[in-house]
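Colleague: coords below, sequence missing:
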């Protein structure tokens, strides 16, 4: 994927309520550093100056976050009503999120569940990173769970790697340790009803260092599974509500912890529904 510039913002979906952009892998969403002028925020202001909201801190209402080195689909709300709707979807886990990544080495299992407790790294010079419980400097680790599906085995720059699809189910925002096993990550899909997808950047035509050797599962097939599962959950939720079982809820409706609620409110307060 080409580096980000002020005028090469890629739009995946646009309506009167939302814009979904394909964030570049080398851009922050925003920055308070005076020297860091090229951000997703500045790209949006350059492309859509008429849509920037002076009443918001960042000019645009970002519905979720992607790390600096993570590319892919990122949803931006264009008004308070849309932002409130998006907040509800993320809060109640009605949004399906999937990430493509290249992982060092060849993963032998075709599918696996990854369970680690992840916390903040307090080691000097690494405070911007996450870490696995038990490693030096790791504090306040919390259980995290992700589903991993192997798509392809191949090589990157001559080293063995595996192309995988990751679906985060619970836990911290990201996983980065001092000996990272994860190469570039890419947000591939956001939202059940719109089915917005960013193009796969891990293809030889876009990156000659990536050489696929063996396909384990087709990406399209795995994405269809996610769609089908999302549809099944929606129908189950509708059935529960119709039967008056909403109070019982599902795993996705578990009560928020105080910390989760505070984090959501801090991120969304400026544009949540009044």
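Modeller: Done, it's in. Computed from a predicted structure; not experimentally measured.

Colleague: checking residue 50 next. Helix, strand or coil?
Modeller: The local conformation at residue 50, judged by DSSP: H, G, I helix; E, B strand; the rest coil, is helix.

Colleague: show me what contacts it?
Modeller: For residue 50, no residue meets the contact criterion (C-beta atoms under 8 Å, 6 or more residues apart in numbering). Quick note: C-beta positions are derived from backbone N, CA and C, even for glycine.

Colleague: low pLDDT regions in the stretch 1-150 of the chain?
Modeller: Within the stretch 1-150 of the chain, the stretches with pLDDT under 70 are 1.

Colleague: now the helices for it?
Modeller: Using DSSP state H, counting those that start in this stretch, the helices of the stretch 1-150 of the chain run over 40-47, 80-91.

Colleague: so where's the longest helix in the protein?
Modeller: Using DSSP state H to define each element, the chain has its longest helix at helix 219-242.

Colleague: pLDDT (mean, whole number) over that one?
Modeller: What helix 219-242 shows for mean pLDDT is 84.

Colleague: mind listing what's buried along it?
Modeller: 219, 222-223, 226, 230, 233, 237, 240 (16 or more other C-beta atoms under 10 Å).

Colleague: stretch 74-88 now?
Modeller: Applying 16+ other C-beta under 10 Å to stretch 74-88 flags 74-78, 80, 82-87 as buried.

Colleague: okay, and the beta partners of residue 161?
Modeller: residue 104, residue 154 (DSSP bridges).

Colleague: now do it, the pLDDT please.
Modeller: For residue 161, the predicted pLDDT is 96.

Colleague: isn't it up against residue 154?
Modeller: Yes: judged on C-beta atoms under 8 Å, residue 161 makes contact with residue 154 at a distance of 6.1 Å.

Colleague: tell me where this protein has strands.
Modeller: Ranges of strands in the chain, per DSSP state E, are 10-14, 18-23, 61-62, 71-77, 97-104, 111-121, 130-132, 138-156, 159-170, 182-190, 196-197, 210-215.

Colleague: tell me the angle the first one makes with helix 40-47.
Modeller: Read that as strand 10-14. For strand 10-14 against helix 40-47, the angle by axes from the mean of the first three to the mean of the last three C-alpha atoms, to 10 degrees is 80 degrees.

Colleague: neighbouring strands - and their directions - for strand 10-14?
Modeller: strand 18-23 (antiparallel).

Colleague: what about the strand it pairs with, distance to the chain center?
Modeller: A distance of 12 Å separates the centroid of the chain from that of strand 18-23, by C-alpha atoms, centre = their mean, to the nearest Å.

Colleague: that one to strand 71-77, inter-axis angle?
Modeller: Using the same axes, to 10 degrees: strand 18-23 against strand 71-77 is 160 degrees.

Colleague: so what touches strand 18-23?
Modeller: 9-14, 29, 40, 43-44, 48, 51, 63, 66, 70-78, 82, 86, 187, 190-191, 194, 196, 198-199.

Colleague: so can I have a markdown table of the buried residues of stretch 74-88 showing distance to residue 212?
Modeller: As requested, the buried residues of stretch 74-88 are exported to a markdown table (distance: C-beta to C-beta, whole Å):
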| residue | distance to residue 212 |
| --- | --- |
| 74 | 27 |
| 75 | 30 |
| 76 | 33 |
| 77 | 37 |
| 78 | 38 |
| 80 | 45 |
| 82 | 39 |
| 83 | 40 |
| 84 | 42 |
| 85 | 39 |
| 86 | 35 |
| 87 | 39 |
